[in-house]
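1. what shape does this take:
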Amino acid sequence: MDTRKVAMEYRLTQWSQALREKAATGISVKEFCLNKGVSKNTYFYWQKKLRNAACHILLPEAEKRRNEQGEHRPVFAALRAPRASGGAVTVRIGHNVAEIQDGTDAGTIESVLRALSRL
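-> Take a look at the predicted model:
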């Protein structure tokens, strides 16, 4: 067992949850950092780590499909109507943006991220 990998995954999970909570409350980055006792640099460091982790999961698969298909076609995913609580996480892949609502099931999130990565 690679303890560094496990520790990184744990930290990514913790920060993912913290950023979801921040988005749900709508507080500013400054206020979030004050409440959590972290610097803005730490906040943006982990935000970037989370984005990179999402891209590393999605992009190799998208590249493989592009190479197999030999073309670049849009792909669409079925989505449920958002809940009134507002977006919990905003994911940007290139110029494509998806706002993932709090409580969205993992299958829907996976479909949306795959679709965005193929655009």
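
2. so what strands line up beside the helix or strand of the chain with the lowest mean pLDDT?
-> Between all helices and strands in the chain, the lowest mean by mean pLDDT, DSSP states H and E belongs to strand 87-93, at a mean of 72. Its sheet considered, strand 87-93 pairs with strand 96-101 (antiparallel) by DSSP bridges.

3. quick one: the strand it pairs with to chain centroid distance?
-> Centroid separation for strand 96-101 versus its chain: 8 Å, with C-alpha atoms, centre = their mean, to the nearest Å.

4. any idea how far the residue most central in space within the chain lies from residue 117?
-> Nearest residue to the geometric centre of the chain (C-alpha atoms, centre = their mean): residue 91, 4.8 Å. Note on residue 91: its distance to residue 117, by C-beta to C-beta, to the nearest Å, is 10 Å. For glycine as for every other residue, the C-beta is placed from the backbone atoms N, C-alpha and C.

5. do residue 29 as well
-> The gap separating residue 29 from residue 117 is 26 Å, by C-beta to C-beta.

6. do residue 14 as well
-> Going from residue 14 to residue 117 by C-beta to C-beta gives 25 Å.

7. who's more crowded, those two?
-> A direct count of neighbours by other C-beta atoms under 10 Å for residue 14 and residue 117 places residue 117 higher, at 23 against 11.

8. pLDDT wise, what is the more buried one at?
-> pLDDT, residue 117: 70.

9. CA atoms of the helix or strand encompassing it as PDB?
-> Assigned by DSSP states H and E, residue 117 belongs to helix 106-118. Provided in PDB are the C-alpha atoms of helix 106-118 (Å, rounded to 0.1, in the frame of the first residue of the first chain):
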ATOM      1  CA  ALA A 106     -22.000   9.600  -9.000                       C
ATOM      2  CA  GLY A 107     -23.200   8.100 -12.300                       C
ATOM      3  CA  THR A 108     -24.600  11.400 -13.400                       C
ATOM      4  CA  ILE A 109     -21.500  13.200 -12.500                       C
ATOM      5  CA  GLU A 110     -19.400  10.700 -14.400                       C
ATOM      6  CA  SER A 111     -21.600  11.000 -17.500                       C
ATOM      7  CA  VAL A 112     -21.300  14.800 -17.400                       C
ATOM      8  CA  LEU A 113     -17.600  14.900 -16.900                       C
ATOM      9  CA  ARG A 114     -17.100  12.300 -19.700                       C
ATOM     10  CA  ALA A 115     -19.300  14.400 -22.000                       C
ATOM     11  CA  LEU A 116     -17.400  17.600 -21.200                       C
ATOM     12  CA  SER A 117     -14.000  15.900 -21.800                       C
ATOM     13  CA  ARG A 118     -15.200  14.800 -25.300                       C
END
